[in-house]
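*Asks:* Pasting the sequence and the predicted model now:
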Amino acid sequence: MTKPFACSIKHIRFDENYQPASSTRMTTNFANLARGEQREDNLRKALTMINNRFNALAHWDNPNADRYSVEVDIVSANMDIEGNGDAFPVIEMLQTTIVDHKENKRINGMVGNSFSSYVRDYDFSVVLLEHFNKNPNAKAPDDFGDLHGKLFQYLLNSEAYKANFNKQPVICLSVSTSKTYYRTTNVHPVLGVEYQQNEYSLTDDYFHKMGLTVRYFKPEGSAAPLAFYFAGDLTSDYTDLELISAISTMETFQKIYRPEIYNANSSAGQVYQPSLKYQDYSLTQIVYDREERSQMAVKQGKFTETHFIKPYQDILEAWAANYAVNENVA
């Protein structure tokens with residue numbers, strides 16, 4: 001029987017002085033902004049966008065729309081497979097803290113938000129690419145994402161995670177451009193109008209193996225719905241301010257990275273098909289190279305294969321075969 005993997009958590013403040021650690025995936029949205037000559041300006045503008053959006057959504061008892069500001073920390077989770085001190089950066093997420101300037105207090109925001117994983121790069125940019133090159137019309141392999149899902153759930157059940165966080169993460173991503181979404185009559189006071197779809201995307205299935213369920217909501221003033229991945233009950237396990245911290249943070253990143261969808265000049269209708277070919281949208285004042293980001297995903301997938309998958313393959317396979325997966329993380 002394999003011995004437990006040692007997990008550790010590190011926090012790095014995401015502000016205008018942030019510089020990515022050597023272990024951070026360069027395709028990660030927050031790291032991508034912190035590169036090049038425009039890095040400080042990029043970071044300052046992104047944080048301003050987050051604060052403005054937060055105050056617009058948390059509008060009660062906030063007449064001047066300046067009551068709150070949001071601090072963002074990068075949460076890096078490392079896993080030592082052999083217990084020899086050689087840890088691999090398995091997961092990165094974001095944690096928000098809400099500063100209430102009226103009450104002069106700090107409030108826990110959402111943990112999760114963005115989701116960064118080298119193993120996910122390996123799965124999508126190496127395993128899946130090779131699979132479809134051999135079988136262009138095939139479905140994804142049945143075991144696609146199994147190892148990643150178990151590693152994620154192992155992390156959330158670790159003492160390291162529980163010592164740092166008292167709630168499960170909520171991860172907020174873009175909706176899939178391959179699916180059609182239908183507006184429902186359900187409206188949440190913070191999350192907004194709920195959308196549904198008839199068929200889950202490959203990303204939805206991948207996150208389900210991580211123990212996460214998905215719902216799609218379009219907050220008031222948003223151009224398109226966001227995909228919220230969570231364990232438990234999204235609408236009752238989190239406060240309004242926690243939900244707003246996730247929306248304001250991730251909608252800001254999506255406006256930068258997918259302006260065709262999230263900075264569109266018209267709002268999603270009753271039936272919505274997201275498209276990166278949509279022409280009627282506005283650009284933010286933030287520099288971002290989407291083409292470079294897609295190229296680096298393949299490089300980082302190969303890096304993971306070389307430095308994590310192959311060296312620990314026997315250990316990981318033996319561990320995964322015996323690790324019990326929860327449908328939803330406890």
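*Replies:* Okay, I see it.
*Asks:* C-alpha only now, for contacts and for neighbours.
*Replies:* OK.
*Asks:* other SSEs contacting the helix or strand that contains Asp41?
*Replies:* Taking DSSP states H and E as the definition, Asp41 sits inside helix 39-57. Helix 39-57 makes packing contacts with helix 29-33, strand 68-80, helix 240-257 when contacts are defined by 3 or more C-alpha pairs under 8 Å, 6 or more residues apart in numbering; DSSP states H and E.
*Asks:* Gly211 versus Asn157, what's the distance?
*Replies:* 12 Å (C-alpha to C-alpha, to the nearest Å).
*Asks:* same deal with Ile247?
*Replies:* 21 Å.
*Asks:* quick revisit: I'd like the helices and strands packed on helix 39-57 as a markdown table, with mean neighbour count, distance to Ile171 and mean pLDDT appended.
*Replies:* What follows is the helices and strands packed on helix 39-57, written out as a markdown table (neighbours: other C-alpha atoms under 10 Å; distance: least, C-alpha to C-alpha, whole Å; pLDDT from 0 to 100):
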| stretch | mean neighbour count | distance to Ile171 | mean pLDDT |
| --- | --- | --- | --- |
| helix 29-33 | 22 | 14 | 58 |
| strand 68-80 | 20 | 13 | 94 |
| helix 240-257 | 23 | 8 | 96 |
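*Asks:* mind checking which of these is nearest Leu283?
*Replies:* Closest to Leu283 of the helices and strands packed on helix 39-57, according to C-alpha to C-alpha: helix 240-257, at 7.4 Å.
*Asks:* got the CA coordinates for that closest one in PDB?
*Replies:* C-alpha atoms of helix 240-257 as PDB (Å, rounded to 0.1, in the frame of the first residue of the first chain):
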ATOM      1  CA  ASP A 240     -23.800  36.900  -1.100                       C
ATOM      2  CA  LEU A 241     -20.400  38.600  -0.700                       C
ATOM      3  CA  GLU A 242     -18.500  35.400  -1.300                       C
ATOM      4  CA  LEU A 243     -20.500  34.800  -4.500                       C
ATOM      5  CA  ILE A 244     -19.900  38.400  -5.600                       C
ATOM      6  CA  SER A 245     -16.100  38.000  -5.000                       C
ATOM      7  CA  ALA A 246     -16.100  35.100  -7.400                       C
ATOM      8  CA  ILE A 247     -18.200  36.800 -10.000                       C
ATOM      9  CA  SER A 248     -16.200  40.100  -9.900                       C
ATOM     10  CA  THR A 249     -12.800  38.300 -10.100                       C
ATOM     11  CA  MET A 250     -13.600  35.800 -12.800                       C
ATOM     12  CA  GLU A 251     -15.800  38.000 -15.000                       C
ATOM     13  CA  THR A 252     -12.800  40.400 -15.000                       C
ATOM     14  CA  PHE A 253     -10.500  37.700 -16.300                       C
ATOM     15  CA  GLN A 254     -13.000  36.500 -18.800                       C
ATOM     16  CA  LYS A 255     -13.500  40.100 -20.200                       C
ATOM     17  CA  ILE A 256      -9.800  40.200 -20.800                       C
ATOM     18  CA  TYR A 257      -9.300  36.700 -22.200                       C
END
